[in-house]
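> From the sequence below, what's the structure:
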Amino acid sequence: MKKMIVLLLLSGGIYSQEQVFNVQRYCIDEEPFKQGECNVSGNEYSFVFLDTQKRTVVFFLTATKMKYKIVDSGIFAPNRNYTFYTLENEKGQVTMRINKQNTKIEFLYPNTHVYLTVGKSTKAVNLRA
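Numbering: from 1, shown residues only. The predicted structure is shown next:
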């Protein structure tokens with residue numbers, strides 16, 4: 001029932017978004033960073049809404065909602081399999097990376113790295129066309 005309520009609440013905003021990523025699993029690595037290890041992990045319903053036209057990202061991680069403005073983007077030079085986005089909100093900047101297959105998303109905060117495994121992602125349909 002809880003999952004259904006979350007989906008109903010989110011469905012109002014889905015139609016105006018360009019792409020919706022359905023997070024299947026998250027891994028949170030806190031300083032000191034240890035590659036491949038998680039301080040916190042889970043599989044609660046989480047979503048990333050990416051709208052490159054409006055230059056916005058909304059990240060729902062369990063009960064937390066974070067909104068960002070895209071200030072820069074491009075191909076990640078060290079690994080061309082990833083696109084990077086520099087995001088900004090009132091709390092500062094964060095780097096988001098998405099692989100070309102849209103199966104992995106990373107949010108790289110100064111003190112925390114959040115690694116997301118994504119299930120089927122969708123391009124939302126704008127019904128106001």
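> So what are the sheet partners of the helix or strand hosting F59 and their directions?
Assigned by DSSP states H and E, F59 falls within strand 56-61. Sheet pairing of strand 56-61 (DSSP bridges) gives strand 46-51 (antiparallel), strand 64-75 (antiparallel).
> starting at the chain centroid, how far to that strand?
On the basis of Cα atoms, centre = their mean, to the nearest Å, strand 56-61 sits 6 Å off its chain's mean C-alpha point.
> for stretch 87-101, same thing?
How far stretch 87-101 lies from its chain's middle: 8 Å, per Cα atoms, centre = their mean.
> Would you mark the buried spots in it?
Residues L87, V94, T95, M96, R97, I98 are the ones in stretch 87-101 that count as buried (16 or more other Cβ atoms under 10 Å). Glycine gets a C-beta too; all of them are placed from N, C-alpha and C.
> so who does the fifth one touch?
Spelled out, it's R97. R97 sits next to F76, Y82, T83, F84, Y85, I105, E106, L108 when contact means Cβ atoms under 8 Å, 6 or more residues apart in numbering.
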